[in-house]
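> I'll drop the sequence and a predicted model, then ask my questions.
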Amino acid sequence: MFGWFMESNPSASPWFYRSVFEALPRCEMDQTGGVATAGESDRIAYSNEFGTVAEEYDRSRPGHPEALFDDIISLYGCASPTVVEVGAGTGKGTVPLAQRARFVTGLEPSAEMADLARRNCAAFANVSIVVTTLEAWPIPAEPFDLVVAGQSWHWVEPGVGYSKARSLLHDLGGLAIFWTRPCFEVTPGGERLAAAYRTHAPGLMGLGPWFPGFNPSQADVRGVGPGSWAPLAVAGQIERSDHFEPPAIRSYPWNMTHASSEYVAQLRTLPEHNDLGLDRRERLFGAVEDAIATQGLDMQYETVLLFASAR
């Protein structure tokens with residue numbers, strides 16, 4: 001059995017924990033960790049694709065709950081840590097980290113995303129954004145307290161990532177990895193969104209966590225992508241890496257209300273939609289807008305955190 005354990009807050013999401021127990025036997029047998037990871041060509045594609053939608057990404061993508069960042073600091077056990085953030089994006093995690101940390105070094109492979117992160121963090125003198133990947137970044141002389149990766153660890157090569165993360169930390173440091181996903185299965189109006197996809201883009205149904213029909217209990221065998229969801233697979237990788245203690249897992253359910261135009265703007269940042277072609281894509285987005293316009297969209301989200309102390 002996995003040695004990692006779960007620490008849930010009182011509002012912990014029942015559908016996540018159900019998926020944990022359903023997936024355990026599969027993950028025990030999967031010696032690779034059950035998740036595909038990005039090679040160099042994928043990382044280049046990441047930089048190119050997200051660079052072209054950086055402004056829209058910054059405006060429309062949801063952030064993460066404040067309790068998540070409070071818990072990262074609490075689990076580490078010391079106020080005002082020094083932080084390396086892997087995949088800073090436009091700063092959606094960097095800003096709340098900067099509010100709690102002594103300083104934050106954000107690593108971001110997309111120059112366009114990095115520019116926006118610098119803009120969004122301009123009020124924080126304790127933030128530095130570097131255009132690079134974790135794998136390519138030289139190890140500095142002074143170790144850090146925390147390595148944090150939000151919505152990004154599936155882009156890191158596990159054969160390098162865990163050892164590199166550990167090399168950046170002192171002996172009491174920690175690794176925090178988290179993802180956020182929309183929970184269509186418990187969102188009022190989620191079926192209306194699913195109907196739009198079934199009609200105009202059935203091939204995208206269940207493709208990943210940002211698409212209707214996604215099944216979190218089967219997600220840990222999915223391949224790499226901008227929205228991969230693989231907490232169980234990554235928990236197994238952490239334990240097998242020998243660089244970190246078995247991770248604690250926490251889950252945070254929350255919600256965000258979207259206007260139709262705002263939600264469609266979010267969909268435009270998902271590169272999978274580009275494969276539909278212009279006409280099909282716009283028909284899909286029109287149907288999504290119609291599905292939301294009548295009753296609005298109060299999207300239920302879930303954020304899952306893995307926190308592992310250094311060995």
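Alright, I've got the coordinates. Numbers count the residues shown, from 1 in each chain.

> is it fair to say residue 50 lies in a helix?
Yes - when DSSP: H, G, I helix; E, B strand; the rest coil is applied, residue 50 is found to be in a helix.

> contacting residues for it?
If a contact means Cβ atoms under 8 Å, 6 or more residues apart in numbering, then residue 50 has 57, 89, 110, 112-113, 226, 269 as its contacts. Heads up, the C-betas are built off the backbone N, CA and C, glycines and all.

> let's see 6 Å
110, 113 (Cβ atoms under 6 Å, 6 or more residues apart in numbering).

> now do the one 10 residues further on
Going by Cβ under 6 Å, 6+ apart, residue 60 touches 265-266.

> try it again with 10 Å
Residues counted as contacts of residue 60 (Cβ atoms under 10 Å, 6 or more residues apart in numbering) are 53, 258, 261-269.

> ok, residue 142 next?
With Cβ under 10 Å, 6+ apart as the criterion, the residues that contact residue 142 are 82, 168, 170.

> wait, residue 229 touches residue 209, no?
Yes - under the criterion of Cβ atoms under 10 Å, residue 229 lies in contact with residue 209, with a separation of 4.1 Å.

> distance of the closest residue to residue 120 other than its chain neighbours relative to residue 181?
Across the structure, with Cβ to Cβ, 6 or more residues apart in numbering as the measure, the residue nearest residue 120 apart from its sequence neighbours is residue 91 (3.8 Å). Counting by Cβ to Cβ, to the nearest Å, the gap from residue 91 to residue 181 is 20 Å.

> again with residue 269
In this structure, residue 269 lies at 15 Å from residue 181, with Cβ to Cβ as the measure.

> where do the helices sit along the stretch 51-200 of the chain?
Listed in chain order, the helices found in the stretch 51-200 of the chain under DSSP state H, counting those that start in this stretch are 54-60, 66-76, 94-98, 111-120, 158-167, 190-200.

> coming back round to it: of residue 91 and residue 181, which one has the most company?
Between residue 91 and residue 181, residue 91 has the larger neighbour count (other Cβ atoms under 10 Å), namely 28 against 23.

> state the phi and psi torsions of that one.
For residue 91, the backbone dihedrals (degrees, to the nearest 10) come out as phi 100, psi 10.

> residue contacts, the nearest residue to residue 119 once chain neighbours are set aside?
Nearest residue to residue 119 in three dimensions, chain neighbours excluded: residue 91, at 7.9 Å (Cβ to Cβ, 6+ apart). Taking Cβ under 10 Å, 6+ apart as the contact definition, residue 91 lies against 58, 63, 85, 97-98, 104, 106, 108, 113-114, 116-122, 124, 127, 129.

> which entries within the residues you listed meet the buried criterion?
Neighbour counting over the contacts of residue 91 (16 or more other Cβ atoms under 10 Å) leaves 58, 63, 85, 97-98, 104, 106, 108, 113-114, 116-118, 120-121, 124, 127, 129 as the buried ones.

> what is the burial count for residue 158?
19.
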